[in-house]
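**Student:** how does the following fold in three dimensions:
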Amino acid sequence: MRHHYLDRLGYGWDEWTRDRFTALGRQGYIDEQLNPASIDESTNTDLATRSSTLVPPDTIQELQALDLVCAVYARRQLEQQATLFWDNHFNTTTMRASISSPSTRRCFRPRVSTNRRNSITISRTRSATWRSTVPSGRSSRRAR
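**Tutor:** Numbers count the residues shown, from 1 in each chain. Here you go, the predicted model:
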């Protein structure tokens, strides 16, 4: 049953996550994931070594690789899922904007655990959200 929770709360499980779940129990692990500031990433050598070559990302491919590395190796699994969910939900994609998407993710990340209204407010202020085009080919922004 623990694998079900670990798969649902993050991107699968590793040895650290499995041991943490065993030590804290189901509710304790969920509570810890809901408070990502309580999880120490400074000792996470897997994440540090794999992401060191990708920070800061210079290309879209490096940005996508960094997202994948963080999703797989970060101990703050629920935070990673929520951040990428909101980023995807509001379609803040680098394909329509410059490679400024990491700044968008940095804005989502501290607020994903607070409330949905904050995440919506943040996403509305990011240019990539508003750069879509309507079917007629005109910009969806109104002329000022």
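**Student:** can you give me the buried ones in the helix or strand encompassing residue 21?
**Tutor:** Here residue 21 sits within helix 15-34, counting by DSSP states H and E. Neighbour-count burial for helix 15-34, with 16 or more other CB atoms under 10 Å as criterion, is recorded at 17, 20-21, 29, 32-33. Heads up, the C-betas are built off the backbone N, CA and C, glycines and all.
**Student:** just checking, next helix/strand downstream of that helix?
**Tutor:** helix 45-51.
**Student:** contacts for that next one?
**Tutor:** Contacts to helix 45-51, defined as CB atoms under 8 Å, 6 or more residues apart in numbering, come from residues 14, 41, 66, 69-70, 73-75.
**Student:** same list, the residues you listed, but as CSV with distance to residue 48 and pLDDT please.
**Tutor:** Formatted as CSV, those follow (distance: CB to CB, whole Å; pLDDT from 0 to 100):
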residue, distance to residue 48, pLDDT
14, 15, 89
41, 8, 94
66, 13, 90
69, 10, 93
70, 11, 91
73, 9, 94
74, 11, 94
75, 12, 95
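**Student:** most widely separated two among the residues you listed?
**Tutor:** Maximum pairwise distance in the contacts of helix 45-51, criterion CB to CB, is 18.3 Å, between 14 and 66.
**Student:** those two: which is more packed in?
**Tutor:** Set residue 14 next to residue 66 and count neighbours by other CB atoms under 10 Å: residue 66 wins out with 19 against 16.
**Student:** now the more buried one. Nearest residue, chain neighbours left out?
**Tutor:** Spatial nearest neighbour of residue 66, excluding adjacent residues (CB to CB, 6 or more residues apart in numbering): residue 54 at 4.3 Å.
**Student:** using the three-state scheme, assign that neighbour.
**Tutor:** coil (DSSP: H, G, I helix; E, B strand; the rest coil).
**Student:** distance check, it against residue 27.
**Tutor:** Noted for residue 54: a distance of 35 Å to residue 27, by CB to CB, to the nearest Å.
**Student:** how far does stretch 2-15 stretch from start to finish?
**Tutor:** Distance across stretch 2-15, first residue to last, is 13 Å (CA to CA, to the nearest Å).
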